[in-house]
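A.B. asks: sharing a sequence plus its predicted fold:
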Amino acid sequence: MSGLAFEGVSHRYGSLLAVDSVELAVRPGETVCLLGPSGCGKSTLLRLAAGLEELQTGRIEIGGRAVAAAGARSRVPPEERSVGLVFQDYALFPHLTVLENIRYGLPGGRSGGKDRARRALAELGMSDLAERYPHALSGGQQQRVALLRALVPRPRVMLLDEPFSTLDEHLRHEVRMETMNLLAGSGAVTVLVTHDAEEAMLLGDRIVVMQAGRIVQDASPGEVYARPSNLFTARLFGPLNLFEGTVRGGLVETPLGPVEAVGFADSSRVSVAVRADGIELVSTASVPTDCARVRVRSVRRLGAWTLVLMTPGDVTREALGAGEALRETVLEARVPGGAELIAGDVYAVRTRPEKAFVFAAGSG
Ligand code: ADP
């Protein structure tokens, strides 16, 4: 494998199994996003690849060569792995100028590669910042410099750990797009760690979902979104409405109407997840009387989307205030537009089949 490969990699911190039997191969020119909540082992995998953490179990290859193997007498030190690292907190050298920071990893160190470093700065329209020190840069500028510092030596592997998470939303988008362009031309293996599903979809050729140290899905962004392997993965991509049910005649009844349960035997207990943006609310007059109904409790415009909270059936406002049990059945829809919806009114609901998922009960 000429890219980066993890073979049977596990890692413990004391009794905690932080990475569990990971198999992952990334090709040159490919960007893989490791997606999962905090603590699922993403950074540990990056640190193992970079050589910042000693490998305990398994083997790691870069460019067809083992850089670490459990039980082997020696391992390739971090600086010889051809790895570029970008962290959340930029980690620029505070006592070096922007230009010196970028030149740091080039042959000749601080004094070499001046032209290459200047060209890279010019490409991002930052030539005028060359002689500044990191403390005199904005967060976005610092992260661009950190990115160039990692990329300019043309590493085989780029490892980015939550590189945009400290930037504000507007800047985050801008720096993400620039990063995407820079990486696209680099031909490097890229592994980017994120807990943000949208970011993973934007930047990843592949998304690798991690849960408690294990890979639970490894597929294209479209596939992970459309066919999440379990409830955990489905949840990463936005709010869900969850129901438990039993399959009857290939269907599960839910308060949002019946959902198809393909591949489940009759009487199976299942969990149903319906994305909030997979719900359509229509006038009761326009659909058959057996169509599921909801009473809208609140309508909040969120820009392009409207957040609609509702209760199943035609439960009244008074009854709703009455008990804990009812509070649990508040449903959430995100609809485009939505200005016409009125809190207190009853609507018919339809779920989009491609946004409703059925999993074996208790899985994920
Ligand atoms: P993520 O990047 O997904 O947030 P990490 O790889 O940082 O996850 O951490 C995985 C688990 O290992 C977490 O439970 C974390 O608390 C633990 N952990 C990470 N680094 C250390 C360490 N140096 N010592 C002890 N536990 C650690």
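C.D. replies: Great, that's in hand.
A.B. asks: now the helices for the stretch 101-250 of the chain?
C.D. replies: Counting by DSSP state H, counting those that start in this stretch, one finds helices in the stretch 101-250 of the chain at the ranges 114-123, 139-151, 169-184, 197-203, 221-226, 231-236.
A.B. asks: which of those helices sits most buried?
C.D. replies: helix 139-151 (a mean of 23; mean count of other Cβ atoms under 10 Å). The C-beta positions use only the backbone N, C-alpha and C, and glycine is treated the same way.
A.B. asks: what angle separates that helix from helix 169-184?
C.D. replies: Here the directions of helix 139-151 and helix 169-184 differ by 10 degrees (axes from the mean of the first three to the mean of the last three Cα atoms, to 10 degrees).
A.B. asks: would you mind pulling the contact partners of helix 139-151?
C.D. replies: 84-87, 90-92, 98, 101-102, 104-105, 117, 120-121, 124, 126, 129, 134, 137, 158, 160, 163-164, 166-168, 171, 174-175, 178-179, 182-183, 186, 188 (Cβ atoms under 8 Å, 6 or more residues apart in numbering).
A.B. asks: how about 6 Å then?
C.D. replies: Residues outside helix 139-151 that contact it (Cβ atoms under 6 Å, 6 or more residues apart in numbering): 84-86, 90, 92, 98, 101-102, 120, 124, 134, 167, 171, 175, 186.
A.B. asks: re earlier: can you lay out the helices of the stretch 101-250 of the chain as CSV showing distance to the ligand?
C.D. replies: Converted to CSV, those look like this (distance: least, Cβ to the nearest ligand atom, whole Å):
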stretch, distance to the ligand
helix 114-123, 28
helix 139-151, 18
helix 169-184, 19
helix 197-203, 13
helix 221-226, 17
helix 231-236, 12
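A.B. asks: would you list the ones you listed in TSV and tack on distance to residue 345 and mean pLDDT?
C.D. replies: Below are the helices of the stretch 101-250 of the chain laid out as TSV (distance: least, Cβ to Cβ, whole Å; pLDDT from 0 to 100):
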stretch	distance to residue 345	mean pLDDT
helix 114-123	55	87
helix 139-151	45	91
helix 169-184	34	88
helix 197-203	32	95
helix 221-226	32	97
helix 231-236	30	96
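A.B. asks: can you lay out those as TSV showing distance to residue 63?
C.D. replies: TSV is the format used below for the helices of the stretch 101-250 of the chain (distance: least, Cβ to Cβ, whole Å):
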stretch	distance to residue 63
helix 114-123	21
helix 139-151	17
helix 169-184	18
helix 197-203	22
helix 221-226	26
helix 231-236	31
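A.B. asks: done for today, thanks.
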